[in-house]
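S.K.: Just to be clear, the model below is a prediction. Sequence and coordinates:
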Amino acid sequence: MTNQAKIKQPLLISYILLLCVTLGALLAAGALSAPVIFNSEAQFGEVVLSHFQEGLLMTAIFLKLNYLIHLTVIAVLLMELYRYKMFDRDTISLVAMIVAVFTGLLFTQYYTPDILAMQSKGAEATQSAAFDKIHFASELDFKLFALALLVLAVRNMQRGFAK
């Protein structure tokens, strides 16, 4: 095993691990936390939090998750461009990279600030059709980001360990 291979293998494993950790965090926030938080009355037996307050809690979770999304977007960009530069080219990974970078940044830099701005106007603003549209679009974007990470993780496992 060459020195370059000794460096590349741990880097690839770390990259795949970051993709999987981020994917797990996305699933935990979207599939595990959201249903519990938005049904808090089922946990307490009575209404303790308003829907607006539950939304604020979810936003707090996503604000923290945005840091991990930024880290992952940077890692995806660097790793996939490096592989491309080294002539380790794969069309599926290239498309998944573009989708991951675009949707990750769209979520953190567009949807999150928009939702925060609407929440700052109070509960009434979050009950509008405009908020519903933004929220729906952010959920779709979030799912596309997760799918792109899954594709990148699988493709990198196939490409990286097949050699």
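M.R.: Thanks, I have the structure now.
S.K.: Report the distance from the helix ranked longest in the chain to the chain centre.
M.R.: Across the chain, the longest stretch assigned as helix under DSSP state H is helix 51-85. Taking the mean of its C-alpha atoms, helix 51-85 sits 5 Å from the chain's own mean (Cα atoms, centre = their mean, to the nearest Å).
S.K.: swap in stretch 86-102?
M.R.: 17 Å.
S.K.: Return the set of buried residues in it.
M.R.: For stretch 86-102, a neighbour-count test (16 or more other Cβ atoms under 10 Å) marks 90, 93, 96-97, 99-101 as buried. Quick note: C-beta positions are derived from backbone N, CA and C, even for glycine.
S.K.: if you go through this structure in chain order, where are the helices?
M.R.: 3-27, 34-37, 40-44, 51-85, 91-106, 112-120, 129-161.
S.K.: quick one: average pLDDT of the second one?
M.R.: For helix 34-37, mean pLDDT rounds to 91.
S.K.: helices or strands next to it in the packing?
M.R.: helix 51-85 (3 or more Cβ pairs under 8 Å, 6 or more residues apart in numbering; DSSP states H and E).
S.K.: List the contacts of the closest residue to Tyr111 other than its chain neighbours.
M.R.: Nearest non-adjacent residue to Tyr111, counting by Cβ to Cβ, 6 or more residues apart in numbering: Ser138, 3.7 Å away. When contacts are counted by Cβ atoms under 8 Å, 6 or more residues apart in numbering, Ser138 touches 107, 111-112, 115.
S.K.: which among those residues gets closest to Gln43?
M.R.: The nearest member of the contacts of Ser138 to Gln43, counting by Cβ to Cβ, is Ile115 at 23.7 Å.
S.K.: Could you give the number of residues near that closest one?
M.R.: The local packing of Ile115 (other Cβ atoms under 10 Å) involves 19 other residues.
S.K.: Give me the distance between it and Ala60.
M.R.: For Ile115, the distance to Ala60 (Cβ to Cβ, to the nearest Å) stands at 12 Å.
S.K.: now do Pro35
M.R.: Here Pro35 is placed at a distance of 17 Å from Ala60 (Cβ to Cβ).
S.K.: for Ala28, same thing?
M.R.: On the measure of Cβ to Cβ, Ala28 and Ala60 end up 14 Å apart.
S.K.: and what of Phe87?
M.R.: 44 Å.
S.K.: And for Ala153?
M.R.: Taking Cβ to Cβ, one finds Ala153 at 27 Å from Ala60.
S.K.: In contact with Thr72: list those residues for me.
M.R.: Counting by Cβ under 8 Å, 6+ apart, Thr72 has contacts 18-19, 22, 100, 104, 149.
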